[in-house]
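Undergrad: heads up, no residue letters with this:
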């Protein structure tokens, strides 16, 4: 263990997006199975209000999402919630779109970062960073959030918005190579429309 109580090697390469953190969870396995510690409050820094969208935030809800290969969920945006994702099983292509520069006027465009995420990998997603994932194989994604479900903060924009330009991989698991989406995600507007509404 390191002096901070972290096991060595659990941090991945840094993100280019402020406040985003990627990591890996240690898996302790033997012939009986395995054990993974997913989160421990004493090892995490205080949740900065600039990252959670609210002061005094803490994790208050945990969700488990399962997705068949070829399912795409996103791009979703929260202004009052930080997400902590843990890939429990499977592989996903994760996309993060930092919308904060557009919302606060500090930059002319959203910033995009993508990574493939595998079992035991984690990502911390601050408020203002849109997120989505494409299940490359059957996927179980556990996520902790700092806000209980609130429909007024369930925002989103088109997964394939050409101005954003997320380089989603072509699929071999669907007949036309396109992902499987929910009706909600199919109906999401372009990012420019969402930003205009939020800034208006």
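TA: It's in. The structure displayed is predicted, hence computed values, not measured ones.

Undergrad: contacts, neighbours, all on C-alpha from now
TA: Fine.

Undergrad: quote the end-to-end distance of stretch 85-96.
TA: End-to-end distance for stretch 85-96: 12 Å, by CA to CA, to the nearest Å.

Undergrad: how close does residue 67 sit to residue 101?
TA: Residue 67 is 31 Å from residue 101, by CA to CA.

Undergrad: what helix or strand is the residue nearest to residue 159 when sequence neighbours are not counted on?
TA: Nearest residue to residue 159 in three dimensions, chain neighbours excluded: residue 75, at 5.2 Å (CA to CA, 6 or more residues apart in numbering). Assigned by DSSP states H and E, residue 75 belongs to strand 72-77.

Undergrad: mind listing the strands the very next helix or strand once past that strand pairs with, and their directions?
TA: Once the chain leaves strand 72-77, the next helix or strand it forms, by DSSP H and E, is strand 83-89. Paired neighbours of strand 83-89 in the sheet (DSSP bridges): strand 121-125 (antiparallel), strand 139-145 (antiparallel).

Undergrad: list the contacts of strand 83-89.
TA: With CA atoms under 8 Å, 6 or more residues apart in numbering as the test, strand 83-89 has contacts from 38, 117-127, 138-146.

Undergrad: any idea of the mean pLDDT for the following helix or strand past it?
TA: The element immediately downstream of strand 83-89 (helix or strand, assigned by DSSP H and E) is strand 91-98. Mean per-residue pLDDT for strand 91-98: 98.

Undergrad: for strand 91-98, packing partners?
TA: When contacts are defined as 3 or more CA pairs under 8 Å, 6 or more residues apart in numbering; DSSP states H and E, strand 91-98 packs onto strand 111-118, strand 129-135.

Undergrad: just checking: what are the partner strands of it?
TA: So strand 91-98, judged by DSSP bridges, has these partners: strand 111-118 (antiparallel), strand 129-135 (antiparallel).

Undergrad: so for that strand, what gets flagged as buried?
TA: By neighbour count on 16 or more other CA atoms under 10 Å, the buried set for strand 91-98 is 91, 92, 93, 94, 95, 96, 97, 98.

Undergrad: report the distance from that strand to the chain centre.
TA: Mean-position distance between strand 91-98 and its chain equals 6 Å (CA atoms, centre = their mean, to the nearest Å).

Undergrad: the very next helix or strand once past that strand: how far from the chain's middle?
TA: As assigned by DSSP H and E, the chain's next helix or strand after strand 91-98 is helix 100-104. Put simply, helix 100-104 sits 18 Å off its chain's centre (CA atoms, centre = their mean).

Undergrad: could you pull out the buried residues of helix 100-104?
TA: Using 16+ other CA under 10 Å as the test for burial, helix 100-104 gives 100, 102, 103.

Undergrad: what is the end-to-end distance of stretch 74-87?
TA: Taking CA to CA, stretch 74-87 runs 16 Å from one end to the other.

Undergrad: alright, that wraps it up for me.
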